[in-house]
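>>> Mind folding the following:
(2 chains, ligands or ions: 2)
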Amino acid sequence: MTPALRLEGLTRSYGSLTAVDHVDLTVARGERHALIGPNGAGKSTLFATVAGTLRATSGRVLLNGRDVTALSESERARRGLLRTYQHSSLFLGCTVLDNVALAVQRVQRVAHRFDRPARGFRRVQARALEHLESVGLAGRAHDTASELSHGERRQLEVAMVLAAEPAVVMFDEPTAGMSAAETERFATLLEGLPRSLTVVIVEHDLDVVFRLADRVTVLHLGAVLASGPPAAIRSDEAVRAAYLGAARTEDLFTGGAR
Amino acid sequence: MKAVETTAPAPAVAARPRRPARRGRAVAAAVTAAALLAAVPLVLGAYPVSMMTRMLAFAVLVLSVDLLTGITGMPTLGQAAYFGVGAYTAALVGVHLTSDGAVQVAAALLAGLAAAAVTGWIAVRAHGIVFLMLTLAIGESVHQLADTWSLVGGGNGLAGMPPVSVLGTALPAAGFVYWWVLAVAAAAFAVVALVARSPYGRTLRGIRDNEARMRALGYRPGPAKFGVFCLAGAVAAVGGALWAAQVRFVSPGDLGFEVAALALLSVVIGGSGTLWGPCLGAALVLLVRDNLSAHVGGHGALVLGAVFVAVVFTMPRGLAGLARRPRRTEARS
Ligand SMILES: Nc1ncnc2c1ncn2[C@@H]1O[C@H](COP(=O)(O)OP(=O)(O)OP(=O)(O)O)[C@@H](O)[C@H]1O
Ligand SMILES: [Mg+2]
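Ligands and ions are numbered 1, 2, ... in the order given. Predicted structure coming up:
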């Protein structure tokens, strides 16, 4: 079966700094794939390059076997490749409902209709509210997004990206800034997602990683250090040795000094 | 309402009750405003009525600026150009073709749409201050054109427009012209309000707040921005046609930088993003420019500048912000 996402020699440089260095990665359809590595390893840059926010310096991105490297970010999103941001990127002047409805109305192809008020588009409104409920924000639907707490904004980010009905979704540290309860809700939500959806997740929380991931890839200095099932990664000597001062691999997973 | 919000078991239910009350109040306010505006010629004399007619026409221009600046986040200094295109088109139609107001408005609308389409496809590629500069350049070019083109009277302007007629009847007095202008302005307001509330309006606010995120969600902001630019051009041109219907004389000054700046100022004073706020701002700005100016020795611009600074510091959300705050606290409790 063609993998949902395949990266071939993907490279991205900032001037002389190679933040992502010849990354080869294959993510099967329906897989929950965790991407870990210390601060500055290049995880966020990798996501941005895969999503098309940043142009790849070299290498290819294949979505369901199709080369999308030449496509713009918006075209990739239309083909189902979406991501969340490490630092929330929301529509702060809009209502919470509007934030999610923006994703829904694009998917339902009514984003440019102006023949009647938005609330008249019942399917959009209902779907958006469903997504808000799934992250526990339905009660805040009519508040302005800027009124949300940090944790709530992270939840809204999750609702928004899922509302865009992705085929492959990349979460960049989704639980950073969430409370324990919010993190639990997120993990449960992720477990409940259909297997037609492929998930790549950057996560520093070891518990979340081992609870959710089918495979783990370790990124170090922009390159793939190891990739395999969680148990194998946990006991990998190279992974262990690569981290200065990290006597146990667990320190790596918890992000060390973060 | 409070009881419902605190005891409702499902959050989705709790989110709803606020809506109908708010909508009901908005409808009541709109009906009251329309009734008051319609009664103006019955109460006031000819001069204040003609003054208010111009305010309405100017408010339509300001609406178009708000559509771009407040709703889509594209600050513009070029809308006076399309206002002027509409005014000149209506005047030319009036002088050479027909005094029918509806034909004049329709011709102006199409001309404004076309002018915005021709100039907009370049402008919408730019962002922020560059976009502002481009619109300024467009405005100045059109102003120059009007100032030098003899077909439209050059620097002398275009005079000799016969009184507007509606449904074959020439409007005999200032009050009737006012009602005609009020009707068209209300229609323009309704169209802009519908667009602002529609899914497309939501798309535009998304672009305003975070264009990069829109792209990441699969949107193509370019065409959406071009669309609203054309619509704003058409709305501004309708405003121009209404202006011409009252003044019956168009000159290059009507599409100059001053008009564009006053329109943007009205949006800021009224509160960008809302629709009725900038309309109030338009009335206020025109009142200061045309009436107070004489009393302060021609320093109207100075007064407006002072008002602008005062508003920015004391009411960051403009006039609309004054009505907004109480609702917020109520919603929170
Ligand atoms: N815009 C930029 N310009 C130059 N260098 C950058 C830029 N963004 C990131 N970098 C550098 O690229 C490297 C990878 O950064 P990146 O943010 O991708 O790491 P990360 O693995 O996501 O780290 P973190 O865990 O802190 O989020 C770092 O050395 C960083 O300093
Ligand atoms: Mg990062």
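
>>> per-residue confidence for the closest residue to A:Gly93 other than its chain neighbours?
The shortest distance from A:Gly93 to any residue other than its chain neighbours is 4.8 Å, reached at B:Asp209 (C-beta to C-beta, 6 or more residues apart in numbering or on different chains). (C-beta placed from N, C-alpha, C; glycine too.) Residue-level confidence at B:Asp209 comes out at 95, pLDDT.

>>> repeat for A:Val208
Confidence at A:Val208, expressed as pLDDT, is 85.

>>> tell me the contacts of the residue nearest to it when sequence neighbours are not counted?
Spatial nearest neighbour of A:Val208, chain neighbours left out: A:Ala187 (5.6 Å); criterion: C-beta to C-beta, 6+ apart. Contact partners of A:Ala187, counting by C-beta atoms under 8 Å, 6 or more residues apart in numbering or on different chains, are A:Thr175, A:Val208, A:Arg211, A:Leu212.

>>> Surely the last one and A:Asp205 touch.
No - in this structure, A:Leu212 sits apart from A:Asp205 without contact. The criterion is C-beta atoms under 8 Å, and the distance is 9.9 Å.

>>> Find residues that contact each of those two.
Contact with both A:Leu212 and A:Asp205 is made by no residue, according to C-beta under 8 Å, 6+ apart.

>>> Would you map the helices across the stretch 1-150 of chain B?
In the stretch 1-150 of chain B, the helices defined using DSSP state H, counting those that start in this stretch lie at B:2-7, B:11-14, B:18-43, B:46-66, B:79-96, B:101-123, B:128-148.

>>> could you give me the average pLDDT of the fourth one?
When you say that, I think you mean helix B:46-66. The average pLDDT within helix B:46-66 is 92.

>>> cool, and the shortest one?
For helix B:11-14, mean pLDDT is 40.

>>> Which residue comes closest to the residue nearest the centre of chain B once chain neighbours are left out?
Computing the C-alpha centroid of chain B and ranking residues by C-alpha atoms, centre = their mean puts B:Leu63 first, at 2.0 Å. Leaving aside its chain neighbours, B:Leu63 sits nearest to B:Val192 (5.1 Å; criterion: C-beta to C-beta, 6+ apart).

>>> Just list what whatever helix or strand that neighbour lives in packs against, helices and strands only.
With elements delineated by DSSP states H and E, B:Val192 resides in helix B:174-197, which encompasses its position. Secondary-structure packing of helix B:174-197 (3 or more C-beta pairs under 8 Å, 6 or more residues apart in numbering or on different chains; DSSP states H and E): helix B:18-43, helix B:46-66, helix B:101-123, helix B:221-247.

>>> Walk me through the regions of the stretch 151-300 of chain B where pLDDT falls short of the threshold, as ranges.
B:293-300 (pLDDT under 70).

>>> need the residues of chain A near ligand 2, please.
Remark: the part of chain A in contact with ligand 2 comprises A:Lys43, A:Ser44, A:Gln86, using C-beta under 5 Å from the ion.

>>> B:Gly157 versus the closest residue to the last one other than its chain neighbours, what's the distance?
Nearest non-adjacent residue to A:Gln86, counting by C-beta to C-beta, 6+ apart: A:Asp172, 4.3 Å away. According to C-beta to C-beta, to the nearest Å, A:Asp172 and B:Gly157 sit 60 Å apart.

>>> more neighbours, the two?
For A:Asp172 versus B:Gly157, the count of surrounding residues by other C-beta atoms under 10 Å in any protein chain shown is larger for A:Asp172: 22 against 18.

>>> which residues touch the more buried one?
Under the criterion of C-beta under 8 Å, 6+ apart, the contact partners of A:Asp172 comprise A:Lys43, A:Ser44, A:Phe47, A:Arg83, A:Thr84, A:Tyr85, A:Gln86, A:Val202.

>>> give me the beta-bridge partners of it?
On the basis of DSSP bridges, A:Asp172 is bridged to A:Val202.

>>> Tell me, how many residues neighbour the residue in chain B that ligand 2 sits nearest to?
Shortest chain B-to-ligand 2 distance, computed as C-beta to the ion: residue-wise this is B:Ala216, at 15.8 Å. Look at B:Ala216: counted by other C-beta under 10 Å, it has 25 neighbours.

>>> Let me see the contact set for it.
Contacts here follow C-beta under 8 Å, 6+ apart; on that basis B:Ala216 touches A:Ala51, A:Thr53, A:Glu73, A:Ser74, A:Ala77, A:Leu82, A:Arg83, A:Ser89.

>>> Return the closest of those with respect to B:Trp121.
Taking C-beta to C-beta as the measure, B:Trp121 sits nearest to A:Ser74 out of those, at 18.5 Å.

>>> quick one: that closest one is in a helix?
Yes - under the criterion used here (DSSP: H, G, I helix; E, B strand; the rest coil), A:Ser74 sits inside a helix.

>>> which residue packs closest to it, ignoring adjacent ones?
That would be B:Arg215: by C-beta to C-beta, 6+ apart, it lies 4.5 Å from A:Ser74.

>>> can you list the domains in chain A?
Residue ranges for each domain of chain A read A:1-80+A:166-258, A:90-163, as given by automatic domain parsing.

>>> could those domains be laid out in TSV, adding distance to B:Thr135?
TSV is the format used below for these (distance: least, C-beta to C-beta, whole Å):
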stretch	distance to B:Thr135
domain A:1-80+A:166-258	25
domain A:90-163	22
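
>>> so which of these is the most packed in?
When you average the neighbours per residue for each of the domains of chain A (mean count of other C-beta atoms under 10 Å in any protein chain shown), domain A:90-163 leads with a mean of 21.

>>> and it, how far from the chain's centre?
Computed by C-alpha atoms, centre = their mean, to the nearest Å, the separation of domain A:90-163 from the middle of its chain amounts to 18 Å.

>>> and if you look at stretch B:199-207?
18 Å.

>>> so how far is chain B from A:Asp205?
As defined by C-beta to the nearest C-beta, to the nearest Å, A:Asp205 lies at a distance of 24 Å from chain B.

>>> secondary structure element for A:Glu8?
strand A:5-14.

>>> returning to what we had before: which ones among the contacts of A:Asp172 lie within strands?
When DSSP state E defines the strands, the subset of these inside them is A:Arg83, A:Val202.

>>> Among the contacts of A:Asp172, which one sits closest to B:Val152?
Of all those, the one with the least separation from B:Val152 (C-beta to C-beta) is A:Tyr85, at 51.8 Å.

>>> mind checking pLDDT for that closest one?
Residue-level confidence at A:Tyr85 comes out at 93, pLDDT.

>>> Return the backbone torsion pair for it.
Note on A:Tyr85: its backbone torsions stand at phi -110, psi 150 [degrees, to the nearest 10].

>>> cool, B:Ala170 as well?
Summarising the backbone geometry of B:Ala170 under the convention degrees, to the nearest 10, its torsions are phi -70, psi 130.

>>> Neighbours of it, how many?
When neighbours are counted by other C-beta under 10 Å, B:Ala170 registers 12.
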